[in-house]
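> dropping the sequence and predicted coords here.
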Amino acid sequence: MQHVVVLGGSIAGLAATRALRGQGLAVTVVEPDGLATTGARGGVPQGGQLHALLDMGRTQAERWFPGLSKDLVADGAVLGSGDEIQLYENGTRKVSVPGNELIGVSRTLLEDHIRRRTVLDDGVSVMVGRACGLDIRGGRVAAVRVRTPGSADVTVVPADAVVDATGRSSRLTSWLGAEGWPEPPADRMRIDLGYATARFRRGGELPGVSVAHQLPGAAAAAAGAAEQPDTGAMAAVEGDQWMAVIVAYAERRPSRDPAEFLRRMREMEAGPFGVVADRCAMIGDVETYGMSHSLRRNWWALDRLPGGLFVAGDAVASFNPVYGQGMTSAFLHASCLAAHLRKGADLHAPAHAYFHHVRVVVDAAWEVSTLSDLAQPHVTGPYPRGYRMARKMADWMARASTTDAWVNERFLDVVNMRRRPAALRTPEFWWRVAAALRAQAAQPGR
């Protein structure tokens, strides 16, 4: 049986492990924290923040871990749909989309369930340690060097292939450079983002609401406002709790001060935030996290790759977390890996075809997130060709989606990564946007 080493035991690594096992491959997961099946991992500093598993992510998660949503709900997670999901654009609630679903769950509970299923698989072994290099021989990855925590000892683990899922801090490019292989060109966009999450006791204060999201202010951005309003999201999660996150940029990044957090919740244009701030008790401390830039490593641009090398999750690209694309992208990368292997790909050969599959996922997410980030006054580019017109069109689309369910459904299809951004560039779509804006303009008082 061929053997693959997966570096990293977070969502991307676990999803890749499942995809590999589906092809009958033996897998060793190398993870400094091990794969304990309860509690937060020390290697995930953002683990206490509110995470979003977009609808396509949940679909892919169900593919690799059948019955996962049902098990999560049984453990207290909240599956909301239709009117239970409230999206706000500049204080205006968007029209609901009946088929839209989101699950409210903490990252800790989600990973607990996935890790538990992973470690029960007899074809998966777990090695506690941190990868510190690759052995590349004969043009392919032949082994991984692993250092045991608290020790200088290094173990060489033979492998037919390696999947790097060690996140945005991956050292893979340095390892390849040391072995004489080219490093992938990278795109970076400085965003200077800060976000803070707090938990609240959940009762009957918001009947029929499971998710509320104050979207980035498209109209304010289009008008060139010097200071963008806060973005926020709130979800009902396990333990009869609300998790609420406030997101802002540069000097407006939120702090750990509970009084400031409550004040900013009350200032949100989306009403549910103020209701929770006024009626619900905060649990524990406010947790903060920052992100200086979005990063995309263009592995598909390399002509030379060592055979048996795959990269998944944030080690390929990490985006502004406001858009919730990270975990969903990780599950989609696992699907790309499975599709690559199902075609009979040689594990020992360079995986160019795999990286071209992954590029479709990465570029779609990058386009959605960076177009909005470029509207921030402190973000200085690079601006794509036609950016100003694209920014205006994004504003028109956002306004139309507040009243036209068909437009909002297509918009959510792209946001939830069910469709590529090209779905928002068809003549039919823009005819509907124009019709919605005309109908709004005809309303008295608008």
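Structure received.
> need the residue closest to the centroid of this structure.
Here the mean C-alpha position of the chain is nearest to the C-alpha of residue 326 (CA atoms, centre = their mean), at a distance of 1.7 Å.
> who are the contact partners of residue 28?
Contacts for residue 28 (CB atoms under 8 Å, 6 or more residues apart in numbering) come out as 3, 4, 5, 6, 124, 125, 126, 127, 157, 159. Yep, even glycine has a C-beta here, placed from its N, CA and C like the rest.
> past the lowest-mean-pLDDT helix or strand in the chain, which element shows up next along the chain?
Within the chain, no helix or strand scores below helix 218-222, which has a mean of 46 by mean pLDDT, DSSP states H and E. Proceeding N to C from helix 218-222, the next assigned helix or strand is strand 231-237, under DSSP states H and E.
> which residue, other than its chain neighbours, is closest to residue 185?
residue 298 (5.0 Å; CB to CB, 6 or more residues apart in numbering).
> and the one you found, what pLDDT?
Residue 298 carries a pLDDT score of 97 in this model.
> which ones are touching it?
184, 185, 186, 187, 359.
> just give me the least confident of those.
residue 187 (91).
> among the contacts of residue 298, which one sits closest to residue 336?
residue 359 (9.3 Å; CB to CB).
> from the contacts of residue 28, which is closest to residue 233?
residue 6 (30.3 Å).
> hang on, the residue nearest to the centre of the chain packs against residue 314?
Yes - Residue 326 lies in contact with residue 314 (CB atoms under 8 Å); the separation is 6.4 Å.
> against residue 365, how distant is residue 203?
36 Å (CB to CB, to the nearest Å).
> oh sorry, the question was meant for residue 377
23 Å.
> these two - which one has more neighbours?
The residue with more neighbours, out of residue 377 and residue 365, is residue 365; 26 against 13, by other CB atoms under 10 Å.
> now that one, nearest residue through space, not along the chain?
residue 325 (4.4 Å).
> pretty sure that neighbour contacts residue 51?
No - using CB under 8 Å, residue 325 is not in contact with residue 51; the gap is 11.0 Å.
> skipping adjacent residues, who's closest to residue 360 in space?
Nearest one to residue 360, counting by CB to CB, 6+ apart, is residue 420 at 7.5 Å.
> so how many other residues sit close to that neighbour?
16.
> contacts only, for it.
360, 364, 414.
> do you know how far it is from residue 166?
28 Å.
> residue 98: how many residues sit nearby?
Neighbours around residue 98, by other CB under 10 Å: 10.
> which of the three states applies to it?
coil (DSSP: H, G, I helix; E, B strand; the rest coil).
> list buried residues within the contacts of residue 298.
Buried subset of the contacts of residue 298 (neighbour count, 16 or more other CB atoms under 10 Å): 184, 359.
> pLDDT at the residue lying closest to residue 77 once chain neighbours are set aside, what is it?
Excluding the flanking residues, the one nearest residue 77 by CB to CB, 6+ apart is residue 105, at 3.9 Å. pLDDT for residue 105: 93.
> next one: residue 396
92.
> what does residue 424 give?
Per the predicted model, pLDDT is 89 at residue 424.
> quick one: it and residue 408 touch, right?
No - Residue 424 is beyond contact range of residue 408, at 11.6 Å (criterion: CB under 8 Å).
> and those two? Which one has more around it.
residue 408 (24 against 19).
> ok but the more buried one is inside a helix, no?
Yes - counting by three-state DSSP, residue 408 falls inside a helix.
> hang on, the earlier thing: my guess is the residue nearest to residue 77 contacts residue 239, does it?
No - counting by CB under 8 Å, residue 105 does not reach residue 239; the two are 10.6 Å apart.
> so if I had to pick from the two, which one is more boxed in?
The neighbour comparison of residue 105 against residue 239 (other CB under 10 Å) goes to residue 105, with 28 against 14.
> hang on, the earlier thing: comparing residue 325 and residue 51, which residue is more hemmed in?
Set residue 325 next to residue 51 and count neighbours by other CB under 10 Å: residue 325 wins out with 28 against 24.
> mind checking how far the more buried one is from residue 349?
Residue 325 is 30 Å from residue 349, by CB to CB.
> got it, and residue 319?
Residue 319 is 30 Å from residue 349, by CB to CB.
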